[in-house]
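In: Dropping a prediction and its sequence here:
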Amino acid sequence: MSPSPNGAYGPVLDGLPRVLRPTVADYLELHRHPELSGAEERTAARHAERLRDAGLEVTTGVGGHGVVGVLRNGPGPVVLLRAELDALPVREATGLPYASEAVAPDAEGRPVPVMHACGHDLHLACLGGTAALLAGATGHWSGTLVTVGQPAEETLGGARAMLEDGLYTRFPVPDVVLAQHTAPLPAGMVAHAHGPVLAGSRLLEVVVHGSGGHAASPHLAVDPVVAAAAIVLRLQTVVSRETSPAEQVVLTVGSLHAGTRGNVVPASATLEVSVRAFGDEALERVTAAVHRIVTAECAASGCPRDPSVRVLARSQPTLADPGTVAAVRRAHEETLGAGRVAVWPASTATEDFPLYGPAGAALHGVGEVRTAYWMLGCVGPEQWARTPGAGAAAKMAALPPNHSPAFRPDPRLSVPAGVTALTAAALTQLAGPAR
């Protein structure tokens with residue numbers, strides 16, 4: 001009998017063909033029917049059904065629409081695998097036969113298009129495939145598998161909600177938490193960071209108070225649009241003139257809303273400002289600069305009331321445990337091939353995954369929870385080949401990024417690689433022959 005190409009992981013990963021067809025079908029269905037953050041009812045129900053079919057104990061409604069699956073398989077470590085449920089208010093423009101045509105009300109009740117533009121459908125399908133694969137090979141590992149389908153990642157509230165709803169008290173407390181995320185790398189590849197994987201962030205809401213009036217007599221009003229425009233321009237200097245070129249900081253004004261008609265000076269303007277950095281000191285410093293500039297520009301404009309600045313969401317930098325990352329990377333090199341395991345440069349994208357580990361200790365009360373987090377390539381060979389660019393860096397810059405209406409993972413290669421990567425990572429932490 002020839003040895004398995006999956007090496008020590010073969011007894012489990014040799015069952016991959018058994019789960020691929022249902023996992024791809026799951027991905028296509030999830031992609032067709034995305035749901036916004038906090039409204040993932042259908043997605044959660046589908047994922048729960050798949051976990052039950054695999055033999056896991058399933059609990060729904062954790063921290064909203066969160067889904068927790070548990071598979072107890074003798075003594076050993078508790079390994080938690082996490083994926084996300086939610087999608088984005090984006091109109092899909094991929095032209096795929098399974099493209100989303102979904103429309104749903106946003107937080108303000110306005111109808112918006114909905115798309116899985118960040119790969120959460122792929123993450124969730126791969127989590128279901130991994131659960132089925134491990135459940136079908138319980139003779140080759142020992143310990144407890146916990147799976148988490150998390151709601152509301154895009155709004156940075158889902159991890160906190162699940163932890164506050166007893167994720168670490170109602171269910172087995174994990175020794176380690178593992179997750180992966182799609183990136184515009186060639187499908188079949190993964191990438192690991194040396195140091196920070198993702199940035200921390202603050203999402204701020206700024207409300208500028210003016211004095212409304214008629215557009216024909218702006219001198220009798222205080223125009224908050226002009227004040228807001230001045231704020232947008234002045235905020236650009238926080239990075240260009242107040243931050244060292246050696247420090248990675250991003251400040252983006254992603255939303256500015258004011259008024260309803262062109263012949264009315266509105267009474268207020270609302271901005272949303274995103275701040276991203278790799279350390280708490282930088283995040284606090286830039287947030288303080290936003291407060292300072294907003295207050296000064298409103299004073300300069302003669303606004304009748306002080307502006308309000310409040311934090312809508314926050315996240316910590318994603319810093320994985322070095323020892324766990326090293327073990328997972330070795331497993332990926334063995335199962336995917338060393339040439340398919342790359343180095344990931346720290347990205348200023350952000351997410352709430354750090355709360356499951358040491359960054360959330362004050363929330364969940366568990367001091368020693370290790371984490372590992374890697375990037376999963378999802379670009380099919382045809383798309384990669386036709387993308388302009390002389391090298392990988394140039395192609396990645398030209399490809400549609402996460403959150404783009406044209407973001408289109410190739411499930412033919414991404415699903416097998418995603419299930420393999422997540423399963424192999426779990427096996428490095430579980431006890432048994434595959435370790």
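Out: Yes, it's here.
In: Assumed residue 76 was part of a helix.
Out: No: with DSSP: H, G, I helix; E, B strand; the rest coil as the criterion, residue 76 is coil rather than part of a helix.
In: And the contacts of the longest helix along the chain?
Out: Criterion DSSP state H: the longest helix present in the chain is helix 280-300. Helix 280-300 has contacts (Cβ atoms under 8 Å, 6 or more residues apart in numbering) with 200-202, 204, 206, 208-209, 227, 230-231, 234-235, 238-239, 242-243, 247, 249, 251, 273, 275, 277, 306-307, 309, 311, 316. For the C-beta atoms, the positions are set from N, CA and C on the backbone; glycine is no exception.
In: correct me, but residue 121 touches residue 32?
Out: No: counting by Cβ atoms under 8 Å, residue 121 sits too far from residue 32 to count as a contact (9.1 Å).
In: So if I had to pick from those two, which one is more boxed in?
Out: Just comparing residue 121 and residue 32: by other Cβ atoms under 10 Å the higher neighbour count belongs to residue 121, 30 against 16.
In: Mind checking the pLDDT average for the strand or helix carrying the more buried one?
Out: Element membership of residue 121, judged by DSSP states H and E, is helix 120-135. Per-residue pLDDT values across helix 120-135 average out to 98.
In: Distance from it to the middle of the chain?
Out: Taking Cα atoms, centre = their mean, to the nearest Å, one finds the center of helix 120-135 at 16 Å from the center of the full chain.
In: Next SSE downstream of it?
Out: Past helix 120-135, the next helix or strand by DSSP H and E is strand 143-150.
In: Report the buried residues of that following strand.
Out: Of the residues in strand 143-150, those buried by neighbour count under the rule 16 or more other Cβ atoms under 10 Å are 143, 144, 145, 146, 147, 148, 149, 150.
In: same check, this time on stretch 195-212
Out: Quick answer for stretch 195-212 (16+ other Cβ under 10 Å): 196-204, 206-211.
In: what is the mean pLDDT for that stretch?
Out: Averaged across stretch 195-212, pLDDT comes to 97.
In: start to end distance for it?
Out: Stretch 195-212 has an end-to-end distance of 50 Å (Cα to Cα, to the nearest Å).
In: Next, the closest residue to residue 99 other than its chain neighbours: secondary structure please.
Out: Leaving out its chain neighbours, the residue that sits closest to residue 99 by Cβ to Cβ, 6 or more residues apart in numbering is residue 92, at 4.7 Å. With three-state DSSP as the basis, residue 92 sits in coil.
In: Starting from the longest helix of the chain, tell me the next helix or strand along the chain.
Out: Remark: after helix 280-300, the chain's next helix or strand is strand 308-315, criterion DSSP H and E.
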